[in-house]
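**Student:** From the sequence below, what's the structure:
(2 chains)
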Amino acid sequence: EAQVTQNPRYLITVTGKKLTVTCSQNMNHEYMSWYRQDPGLGLRQIYYSMNVEVTDKGDVPEGYKVSRKEKRNFPLILESPSPNQTSLYFCASSLSGSGFNEQFFGPGTRLTVL
Amino acid sequence: DQQVKQNSPSLSVQEGRISILNCDYTNSMFDYFLWYKKYPAEGPTFLISISSIKDKNEDGRFTVFLNKSAKHLSLHIVPSQPGDSAVYFCAASSSGNTGKLIFGQGTTLQVKP
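**Tutor:** Okay, here's the model as predicted:
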């Protein structure tokens, strides 16, 4: 089954404790992206990757890191989480970085930073 | 600065009637528009899209209309079904913009049996 998977689905942590949210897709997509969803703000892009070893900042990259060592994986790293990073996070992938490609989303990771 | 706006946070309609969800945008560089549907505890799923060279696209019960002069698009669901109850996000992109989607705030649709 074609899908985007994220782990963990739920995470409660404390300020400053490094964490990684994994994302994997099995569709051989070139493009991957991370979004956060906050009430009243919709989904905002954090980082994206056009292909392996190619990553760039989205609209809200502060406090986040990503890497793209393999085509299928695109982990999101919070080196020192803070309470304002409490949010619902979605990973997405698409065939290419063209704006005309449908993006497929993972199920989401709900992160709470105390 | 919200480039894509969905001004109605919620909408309630009766089963069998038409649901109309609206979306406005400000950036004239957008040339592709998408609607996503999201159920609780799931990721958004693609519903329907429209290119800026068209003014209408239809897929079964779902039709998207684009009015470029007004920078407005709408999603019509006819007839509405209880299973359509979800959050609907409008999104926009431009062909030269590295695949980035700009999302609206979302509208929660409730279809009552």
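**Student:** residues from chain A in reach of chain B?
**Tutor:** Contacts of chain A with chain B, taken as C-beta under 8 Å from any C-beta of the partner chain, map to A:4, A:31, A:33, A:35, A:40-45, A:48, A:50, A:56, A:58, A:90, A:92, A:94, A:96-108. (Glycine included, C-beta is placed from N, CA and C.)
**Student:** you'd agree A:Pro61 is up against A:Ile46?
**Tutor:** Yes - in this structure, A:Pro61 is within contact of A:Ile46 by C-beta atoms under 8 Å, at 5.8 Å.
**Student:** Quick one: residues contacting the most centrally placed residue in chain A.
**Tutor:** Geometric centre of chain A, nearest residue: A:Trp34, 2.8 Å, by C-alpha atoms, centre = their mean. If a contact means C-beta atoms under 8 Å, 6 or more residues apart in numbering or on different chains, then A:Trp34 has A:23, A:45-48, A:58, A:64, A:66, A:74, A:76, A:89-92 as its contacts.
**Student:** Go again with 10 Å.
**Tutor:** By C-beta atoms under 10 Å, 6 or more residues apart in numbering or on different chains, the contact list for A:Trp34 reads A:6, A:21, A:23, A:44-49, A:58, A:60-61, A:64, A:66, A:74-76, A:89-92, A:106, A:109.
**Student:** May I have the secondary structure class of it?
**Tutor:** Under DSSP: H, G, I helix; E, B strand; the rest coil, A:Trp34 falls in the strand class.
**Student:** Same check on B:Phe46?
**Tutor:** B:Phe46 ends up strand, using three-state DSSP.
**Student:** Could you check how far it is from B:Thr107?
**Tutor:** When distance is defined by C-beta to C-beta, to the nearest Å, B:Phe46 is 17 Å away from B:Thr107.
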